[in-house]
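# just coords:
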Ligand SMILES: Nc1ncnc2c1ncn2[C@@H]1O[C@H](COP(=O)(O)OP(=O)(O)OP(=O)(O)O)[C@@H](O)[C@H]1O
Ligand SMILES: Nc1ncnc2c1ncn2[C@@H]1O[C@H](COP(=O)(O)OP(=O)(O)OP(=O)(O)O)[C@@H](O)[C@H]1O
Ligand SMILES: [Mg+2]
Ligand SMILES: [Mg+2]
């Protein structure tokens, strides 16, 4: 077995922390090698080193047995190393072709030869089944296609070794499936792949071997065939973790949220929520399953008053929310864990404490006649940080300085602590590691057991299946089916989400 | 005056007043397309004007005669580029707030040039140059009926250079690898970096070019109009150019159009009194027209002006 | 040369320039020349402070008074209020202001301020005569700096002069609303010439430089146009194309010299208005007359005499100008 | 005092030192003795109570302009329009001072209020345009500066002109001039506005850091989406931020109109105070106390400069250079912080 890549005893320090501490990873010719670790474990860092974005403080890198010094991405490219980044590296208002050729443009008489480029791109996309439209602007194409563009970028530069950093975090189940096919096609063509992911299922299904890091330290490499998800999780977190969240049966009571014939249009005046009906009862978790872009986002924004409702009604415990502004909705008893924590969930440049009172700063006891009472605010924050185990130096730390996982915990602390009648959780565990996921799921169930209603929207089917008491499938702005998680499976859900028919539709109701 | 007379008055004046704005705004375009805001255009023009005049006086002293102003334009381009290094180093290498750094550049430009003038000439302003860049009638072309008198009589050669520059830059920005890379670092530097483009190097080039062009703009203004240099020789043209840059939506040809439009408004504020339907309009309206119109334009009357996405943000490796 | 009267050695005169500075090719420079002449004549101490902007006037005046100078000039009517303030505060200061009459709160002149004014309208009248006689298009222009009481004196006198010798000449007047915007000055000159005027008289300080630029451009293009300078003999500004017809000189240097000398001899004209007109040779046409033809020069002499004899009363504002035209 | 605090206090300090140092080098370069030069500067400020008074007077509008910029900064806005807001504030306050007849108790507050209002309105425009049309405030404020300059001159010339290219003097009942302070400082133009400026520092601090309004303004400044999510009126806050900032600037103008001059002249160009405000705010790290100190520094430099000219024969523009350099160094604090952190590391 010959190694195309050897990273031996790599160490990388950032101001404050050791991101990588003596990590060794070896990639074999033609294998898919998983890199597993909690948030902030140091995966991206390690790969950024391999790709030449960072320089290691210690350790050596060998490519095809030769010791190399990868000073910048150009060197990496020359060595045939390509990387698909965790956060896409695409210029939004450039065309697909422009993005792909950027940095190594074919020219004719000093002028970019765009035709030649487009031709080469088409050839590549046919060869690997990566369908893209070279003329389209990035901002106009789906996330899935954007990722294919990222892949072609690397292939266009003749990459033999591909690094995927959390490629599936942003994808729909369908897109994930396609991606896995693509990766298999790539290795068949003799490429070698390093795959970073938090999703053990993916590792089990595509990877040959898996290297685990914990808090920057290399734990070891295992053959995937000889291990199982639980063992991997334990390696990653350093303790046993149980996925099946243990919970007693739900006791749903009266309807908390009632939605009738809801119609919501997006900016382009298209009705993305189109006559949607839904009820959420107290004491239950209702999961909404659906392919991204079927109206989930708009539905939530409509409920929370962030988006104008064109038709239909929304009531909370009989109270009409239809025309209320966001703040009134919140006060009426709705908590909202937004799907984009950085955009909506937090003011990254505020301290944790200031973020904790984002919804309540104007209320007593946090402020009296428009003057904020900071001692009280700090007091409260310390309590929540403690209670929700947000890992932060102090309540004065800027939210920006926390990892996604801890940022998410802070948001959940804020929203859940108000103990709202209805808690809306939109993709609450995206991009987080199993430890954090476990914690968040437990919190949701606690709320349910307190007799609150919980509305869970997620693109991750097993999350929906694990946590919900009922599952509503959304398709093209309508609820097309309500199913019982115990009596359904991913296959059926996937079918419904794709607009397909199903025998047991509505049975759970 | 007949309508033709008025045109013959307004059109050349427009082009003439626009030239320095075109140069400077084009300079700003390089900098801002690369992701570096350049409020310092005014200061760079000041330095250009200073160099243009001082160099001309110097060359005249050496006996270069009528060549002096043209040689000085070259000098102004070089000095402008060098001076813009302040902005580049501060805002790219030291990650200073780009707007602040630009403001500082403006302070420094005026302070330094006047300071130097006092030391060189022992007084607050320079002497007048004997050889300016002067108006010419372009042979043959000026004979063309109608447009001849408007475009090719009593014109400054520098105006043609300005318009040519705008067109060349348009080609460079949109059709060459350099242009693509420059825009990419202004839109998404991290992406550009992963594609092996040296982000900060591109930005340095962008800022230096802005210095060169703005220096040219300042020198052209000084050598066509002012004739000497003092602290108030450049009074707001730099900010006008900035407005033109945005009004023109960071597009070389749009920028040229905007600059010409401002030139028109300026010339109308002067000739207005002789134009029948403008006669009893108080001058102040024409004076503020360019600024008000810019604001109106920005509010979307001519479509949205979208800045490069990454503009204003220093580039941190590995940040996102 | 050593002067007479109080020991000159310990006599000191200083001045505060306005924003223009002692090299503004205009009255600041002229005033400074006067002081330098005074220095060379009597070996006394002279000096100046330049003002960066209007906010500096008062501190600068104050500074010079504090330094214990025997006489402090404020150059320019813009400093009127500051002179007043300082005069009130520093009772024993000896101040003098050019182009302005400073009154105390009681409406009377202040004892410690000498007020130096010029009859610019008289000088302007004479250049007006020249313009009126030498215009070939029968159109002349006036380029004003900032519209106001002072510049009106120039405008009215000039127009009167033109009309006096050439009643049906047309006069185009335009103000730049600025004293230091050369490009604006050029553009305005451009329009005035374009309307057919062949001679333009400016009273616009730095803005006037634009007039010379434009005149040169047109001269080079073969047009027969002229510019008339102001304050100093602006013949050189017209070179090499030689576009300066003549200039209305305002002998600030004379006035400064004169007042300084009187003060040194113990005759400080505080609380008085010292006016310089044709009579005092405080105003007049420039010494360089190479571009003025004989006929005009004679006419100038005649009209000058009439003014001195009080036969004509040169208007100094719009009303007076109207009347002047009436009984022409 | 924690590490961050120390740094944010050291950075401006070091910047000033560096700026002064380079200034000295320049003096050497032109063959002058820096010690004599700076001595003349200091002497020009503290050598005589009169100049000290002038320095405090100079500080007054600088403080308010600085506060205006700082306040905008804190709410995520860059207000380069302070200059224009100051000009209209000046004009408005003077107009009221001239045209209204009332006892001081009413007249003075009215005149100051008019200044604040005018500045606020001038700030409203960019604020509204940003909120409603997403137009970047920097460019609009720059444009508004010129509009302010030309319109003010036009108004003075057409309605308020008296000989001397300026408006008439304001009534005594609207004047901030203080014979007492003047006599204290040997006839400097120091006026009661100084205390208004100090008070404004407190107002800004309290408003920004202690009130729910300040919380909202800062939140919106940092993250509109999150603020919207939290039920704040995003557009309202953006506009309000510019309005308040403009208000501070307007008061700065009132200080010139009602205090220093007592009238308004036709302006040949910008006063520069508004732009200096940017420097002041920046050097003061956008904090009230910082702005106060920075204004004191720049005030001294400006008041002392003429003395450098008359005593040491050094062009006063040197001061402008030093100020510009200080801004550069503060803005480039990244470098300074780096050095400091390095040192602190070795320290322990
Ligand atoms: N550019 C940087 N500057 C400073 N510290 C960094 C930087 N990038 C990462 N770190 C630190 O290194 C650690 C590893 O970061 P990294 O992004 O590699 O984690 P990760 O394993 O990719 O996490 P995730 O799974 O969430 O992507 C982080 O905990 C962080 O503290
Ligand atoms: N450029 C950087 N500078 C400083 N710290 C960084 C940087 N990039 C990442 N970090 C730190 O890395 C840690 C985790 O990194 P990371 O953002 O990957 O966590 P995450 O859970 O993956 O967040 P996300 O879900 O947004 O990717 C955090 O402490 C974060 O502050
Ligand atoms: Mg990562
Ligand atoms: Mg992550």
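In hand now; what should we look at? This structure is a prediction, so every number in the text was calculated from the model and none was measured. Ligands and ions are numbered 1, 2, ... in the order given.
# residue contacts, residue C:17?
Applying CB atoms under 8 Å, 6 or more residues apart in numbering or on different chains, we find residue C:17 in contact with C:24, C:28, C:31-32, C:48-51, C:75-76. Yep, even glycine has a C-beta here, placed from its N, CA and C like the rest.
# Give me the nearest residue to it, chain neighbours excluded.
What sits nearest to residue C:17 in space, not counting adjacent residues and going by CB to CB, 6 or more residues apart in numbering or on different chains, is residue C:28, at 4.4 Å.
# After the helix or strand harbouring the one you found, which helix or strand is next? Please name it.
Residue C:28 belongs to helix C:27-42 when assigned by DSSP states H and E. Sequence order places strand C:45-49 as the next helix or strand after helix C:27-42, per DSSP H and E.
# max-length helix in chain B?
Determined from DSSP state H, the single longest helix within chain B is helix B:3-33.
# Low-confidence ranges, the stretch 101-250 of chain D, go.
Applying pLDDT under 70 to the stretch 101-250 of chain D flags the ranges D:164.
# can you give me the helices in the stretch 101-250 of chain D?
Counting by DSSP state H, counting those that start in this stretch, the stretch 101-250 of chain D has helices at residues D:104-133, D:137-155, D:179-184, D:193-210, D:212-222, D:224-229, D:234-254.
# Out of the ones you listed, indicate the one that is most buried.
helix D:234-254 (a mean of 28; mean count of other CB atoms under 10 Å in any protein chain shown).
# and the angle for that helix with helix D:193-210?
Interaxial angle of helix D:234-254 relative to helix D:193-210 (axes from the mean of the first three to the mean of the last three CA atoms, to 10 degrees): 160 degrees.
# avg pLDDT for the helix or strand following helix D:234-254?
Beyond helix D:234-254 on the C-terminal side, the first helix or strand identified by DSSP H and E is helix D:273-283. Across helix D:273-283, pLDDT averages out at 91.
# Any residue of helix D:273-283 touching chain B?
Yes - using CB under 8 Å from any CB of the partner chain, helix D:273-283 reaches chain B at D:275, D:278-279, D:282.
# from the middle of its chain, how far away would that helix be?
On the basis of CA atoms, centre = their mean, to the nearest Å, helix D:273-283 sits 5 Å off its chain's mean C-alpha point.
# Taking the contacts of residue C:17, tell me the two that lie furthest apart.
Largest separation among the contacts of residue C:17 by CB to CB: C:24 and C:49, giving 14.6 Å.
# quick one: buried residues of the helix or strand hosting residue D:52?
Secondary structure assignment for residue D:52, by DSSP H and E: helix D:49-74. Of the residues in helix D:49-74, D:50-74 count as buried by neighbour count, 16 or more other CB atoms under 10 Å in any protein chain shown.
# need the strands for the stretch 201-328 of chain C, in chain order.
C:226-231, C:244-250, C:273-276, C:283-285 (DSSP state E, counting those that start in this stretch).
# right, is the longest one up against chain B?
No - with CB under 8 Å from any CB as the threshold, strand C:244-250 lies outside contact range of chain B, at a closest distance of 13.0 Å.
# What is that strand packed up against?
Judged by 3 or more CB pairs under 8 Å, 6 or more residues apart in numbering or on different chains; DSSP states H and E, the packing partners of strand C:244-250 are helix C:120-134, strand C:199-203, strand C:226-231, strand C:283-285.
# before we move on, back to that, a markdown table for the contacts of residue C:17, including pLDDT?
Output for the contacts of residue C:17, formatted as a markdown table (pLDDT from 0 to 100):
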| residue | pLDDT |
| --- | --- |
| C:24 | 72 |
| C:28 | 87 |
| C:31 | 91 |
| C:32 | 92 |
| C:48 | 88 |
| C:49 | 85 |
| C:50 | 81 |
| C:51 | 80 |
| C:75 | 91 |
| C:76 | 85 |
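# out of those residues, which one sits closest to residue D:138?
Nearest member of the contacts of residue C:17 to residue D:138, counting by CB to CB, is residue C:51, at 31.5 Å.
# Would you check how far apart the closest one and chain A are?
45 Å (CB to the nearest CB, to the nearest Å).
# burial count for that residue?
Per other CB atoms under 10 Å in any protein chain shown, the neighbour tally for residue C:51 reads 26.
# Unless I misread the structure, it falls within a strand.
No - using DSSP: H, G, I helix; E, B strand; the rest coil, the secondary structure at residue C:51 is coil, not a strand.
# Apart from its chain neighbours, what residue comes closest to residue A:81?
Nearest one to residue A:81, counting by CB to CB, 6+ apart, is residue A:161 at 4.8 Å.
# Show me what the lowest-mean-pLDDT helix or strand in chain B is packed up against.
For chain B, using mean pLDDT, DSSP states H and E, the weakest element among its helices and strands is helix B:147, scoring a mean of 76. Packing partners of helix B:147 (3+ CB pairs under 8 Å, 6+ apart): none among the helices and strands.
# Report whether the expected contact of the residue nearest to residue C:17 with residue C:21 is present.
Yes - Residue C:28 is in contact with residue C:21 according to CB atoms under 8 Å; the separation is 6.0 Å.
# Neighbour count for these two, which is higher?
For residue C:28 versus residue C:21, the count of surrounding residues by other CB under 10 Å is larger for residue C:28: 28 against 21.
# can you tell me which residues contact that one?
Listed by CB under 8 Å, 6+ apart, the contact set of residue C:28 reads C:17-18, C:20-22, C:75-76.
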